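**Student:** Pasting the sequence and the predicted model now:
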Amino acid sequence: MYISFLPHRIAVSLAMFAAAGGAAHAQSPSFWQKESIWTGPSTFSKAPSLTYVSPDNSVRAEAGLGVIYLRADEKVLVGNYTLSHLIWQSTAPVLRGSVDAEFGHGFSVRAEGSMAFWGRSYMEDYDWTKGDDTFANWSHRSQHPDTRLDHYFTGAVSLGYALVKDETSVVRAHGGFKYTDTQWTAYGGSFVYSDPGFRDKIGTFADGAAAATYRQQFPELFLGLDGERNYGNFRIGGLLRGGLTFLSISTDDHWMRNLRFVDALYVAPTITAGVDVALPLGDNAELSLAARYDHIFEQRGNTEYFNIATGAPTGAIGDVAGGGLRSAEVTAGLKGSF
């Protein structure tokens, strides 16, 4: 978003197009307006891990350290026209853990989560104010190499049931709840603006000055299948999952303008796919390699504006927000049982 003139752009440009926007009903952002009670977007991970298994193999605990890549997209849309697009990306170390327990009769429960707080990040902000929203014809651009991942957290709880289980393989159906919370802050940077001509204003922001903070909060319900099969000393497993987000919120604080945008996003589909292979190292250890992809598809929503200093609302407009998160991960690890 164009840092120096967006309020005027929102007031003028969105007013021009507001009549064309049909609004699907979105959840109210009031529940999320303050800091969420839950704390915490594509993911690459390469992690050693340690696993504990109970004597009867009914409980399994795993912990690992890896590397994660994620990308979030933030948009301002007027009808089908893209007015603004911010791209937030990070590569960071991640701490991951899980606990699985079997209850008998084929039922099991699993809790898992991961978190990251630093790493290499970058943000780019593009605007299109000249009537052509093709990417190459952007009118305003700011680049922020000094972007920091403030936090990343994702956690899930699921209940599973073994559809197939024998000495060599297991296939489970499962369903559960997942929550993902990601936040970045961009500092300093440079800009090219079209003001009043085309890309005629070039400058920089003060080093270390906070420009924008962006946070995404995605609760999700999901259903899926997972399983594994042993081929002698070689094991292969897989995961396929689909879900829907609900009560999702994104918050964008523009510090230089004392302006907060709160987007209440509509329900969005999600997918997760994963595969892993493992080779035993003795009776109680495994060497494993896994890959996983998570995608919260971009969805629109309604936007409210607030004064950051006072918290007072300053405006609202429907069906103009857009947000999504993608991740992909690769994990190399050592698992052991005790």
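**Tutor:** Thanks, I have it. Numbers count the residues shown, from 1 in each chain.
**Student:** partners of Arg229 in the sheet?
**Tutor:** Here Arg229 sits in beta bridges with Ser169, Ile236, as judged by DSSP bridges.
**Student:** Kindly report the same for His254.
**Tutor:** Per DSSP bridges, the residues bridged to His254 are Ala212, Leu259.
**Student:** who's in contact with Gly119?
**Tutor:** Gly119 makes contact with 68, 90-93, 149, according to CB atoms under 8 Å, 6 or more residues apart in numbering. Where you see a C-beta, it was placed from the backbone N, CA and C, and this is true even at glycine.
**Student:** do Val171 as well
**Tutor:** 162-165, 225-227.
**Student:** Report the two of those residues separated the most.
**Tutor:** Lys165 and Leu225 (13.5 Å; CB to CB).
**Student:** and which of the contacts of Gly119 is nearest to Ile308?
**Tutor:** Looking across the contacts of Gly119 and measuring by CB to CB, the closest to Ile308 is Leu149, at 21.1 Å.
**Student:** Over to that closest one. Which of the three states is it?
**Tutor:** What DSSP: H, G, I helix; E, B strand; the rest coil gives for Leu149 is strand.
**Student:** out of the contacts of Gly119, which is most surrounded?
**Tutor:** Neighbour tally across these (other CB atoms under 10 Å): the maximum, 29 neighbours, falls on Ile68.
**Student:** mind checking how far the helix or strand where it lies is from the chain centre?
**Tutor:** Using DSSP states H and E, Ile68 maps to strand 59-78. From the chain centre to the centre of strand 59-78 is a distance of 6 Å (CA atoms, centre = their mean, to the nearest Å).
**Student:** helices or strands next to it in the packing?
**Tutor:** For strand 59-78, the elements it packs on are strand 49-53, strand 81-104, strand 169-187, strand 210-231, strand 285-307, strand 313-336, judged by 3 or more CB pairs under 8 Å, 6 or more residues apart in numbering; DSSP states H and E.
**Student:** To Ala278, which of those lies closest?
**Tutor:** Taking CB to CB, strand 285-307 is the member of these nearest to Ala278, at 4.1 Å.
**Student:** How far off centre is that closest one?
**Tutor:** With CA atoms, centre = their mean, you get 3 Å for strand 285-307.
**Student:** average pLDDT for it?
**Tutor:** In this model, strand 285-307 has an average pLDDT of 90.
**Student:** which residues of the stretch 1-150 of the chain score low on pLDDT?
**Tutor:** 1-57 (pLDDT under 70).
**Student:** could you redo the last one with a cut-off of 90?
**Tutor:** 1-67, 93-104, 112-119 (pLDDT under 90).
**Student:** quick revisit: any quick PyMOL command for the buried ones out of the contacts of Val171?
**Tutor:** Only the buried entries of the contacts of Val171 go into this PyMOL selection, using 16 or more other CB atoms under 10 Å:
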select buried, resi 162+226+227
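**Student:** Could I get the contacts of Val171 in JSON lines, plus columns for pLDDT?
**Tutor:** Compiled in JSON lines, those are given as follows (pLDDT from 0 to 100):
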{"residue": "Ala162", "pLDDT": "96"}
{"residue": "Leu163", "pLDDT": "97"}
{"residue": "Val164", "pLDDT": "94"}
{"residue": "Lys165", "pLDDT": "91"}
{"residue": "Leu225", "pLDDT": "97"}
{"residue": "Asp226", "pLDDT": "94"}
{"residue": "Gly227", "pLDDT": "93"}
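**Student:** Quick check: closest non-adjacent residue to Tyr81.
**Tutor:** Asp133 (5.3 Å; CB to CB, 6 or more residues apart in numbering).
**Student:** Quick one: neighbours of that neighbour, just the number.
**Tutor:** With other CB under 10 Å as criterion, Asp133 counts 20.
**Student:** and if you look at Pro196?
**Tutor:** Around Pro196 there are 7 residues (other CB under 10 Å).
**Student:** And for Tyr122?
**Tutor:** 18.
**Student:** ok so, going back, just the angle for the strand holding Ile68 relative to strand 313-336, thanks.
**Tutor:** 150 degrees (axes from the mean of the first three to the mean of the last three CA atoms, to 10 degrees).
**Student:** residues of strand 59-78 that come out buried?
**Tutor:** So for strand 59-78, counting by 16+ other CB under 10 Å, buried means 60-78.
**Student:** just stretch 126-143 next, same as before
**Tutor:** Here stretch 126-143 shows 126-129, 133, 138-143 as buried, counting by 16+ other CB under 10 Å.
**Student:** Most widely separated two among those residues?
**Tutor:** The widest separation within the buried residues of stretch 126-143 (CB to CB) is 19.2 Å, between Asp133 and Gln143.
**Student:** can I assume His174 is in contact with Leu239?
**Tutor:** No - contact criterion CB atoms under 8 Å: His174 and Leu239 do not qualify, at 9.1 Å.
**Student:** got any residues that touch both of these two?
**Tutor:** With CB under 8 Å, 6+ apart as the test, His174 and Leu239 both reach 224-226.
**Student:** As CSV, those residues with distance to Glu102 would be great.
**Tutor:** What follows is those, written out as CSV (distance: CB to CB, whole Å):
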residue, distance to Glu102
Gly224, 18
Leu225, 17
Asp226, 14
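**Student:** so which of those residues comes closest to Phe218?
**Tutor:** Nearest member of these to Phe218, counting by CB to CB, is Gly224, at 16.7 Å.
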